[in-house]
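> Just a sequence and a predicted model for now, questions to come.
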Amino acid sequence: MLLVLMVVGIGASLVIASAAPLEKKREEDRFFALLEQDIHYAQSQSYAQKTSVMLVFWGNKPGYEVMYSLSRPIYARPIPKSVALTKASNISVVHFTPSGSIFQPGTMRFSTSSGERTVTIHLGKGRVVVSK
């Protein structure tokens, strides 16, 4: 009886240990999906409100904020511990003009537990591409 209980306990611990990296990957995927949605939300708000809307990654805060013209924050989101904006990124602010177009195109590079992922903001109407 004790042997069966020990085998079940070892089997359960192996399953839990193998599920942890998968959960981290899912958390990162959810973050990038939400980031893409927040960028689209910022663009739609800039067009609807006829004002500049920005998505800002502050260097000293572990997250980003969506705000009107750097003066009125709309909301803030945290970044998972396994994700970080790298110094190789050429933008840290996604800025939409009152017409809904992008102010400065560029690429944000993030280091994750499974390697580097990029978010590219294209010139013009601000099309967003998130790498897998």
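The structure has been received and is ready for your questions. Computed from a predicted structure; not experimentally measured.
> now what about stretch 64-78, what contacts it?
34-35, 38, 41-42, 45, 49, 51-58, 61-63, 79 (C-beta atoms under 8 Å, 6 or more residues apart in numbering). In this view, the C-beta of every residue, glycine as well, is placed from N, C-alpha and C.
> could you pull out the strands for the chain?
Under the criterion DSSP state E, the chain contains strands at 53-57, 63-68, 72-78, 84-85, 93-96, 106-112, 115-121, 128-130.
> Of all the ones you listed, which one is nearest Leu22?
Checking the strands of the chain against Leu22 by C-beta to C-beta gives strand 106-112 as the closest, at 13.8 Å.
> Direction included, what does the closest one pair against?
Strand pairing for strand 106-112, using DSSP bridges, gives strand 84-85 (antiparallel), strand 115-121 (antiparallel).
> sorry, back to before: just put the strands of the chain in CSV and tack on mean pLDDT.
Conversion of the strands of the chain to CSV gives the following (pLDDT from 0 to 100):
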stretch, mean pLDDT
strand 53-57, 94
strand 63-68, 93
strand 72-78, 91
strand 84-85, 92
strand 93-96, 93
strand 106-112, 94
strand 115-121, 93
strand 128-130, 86
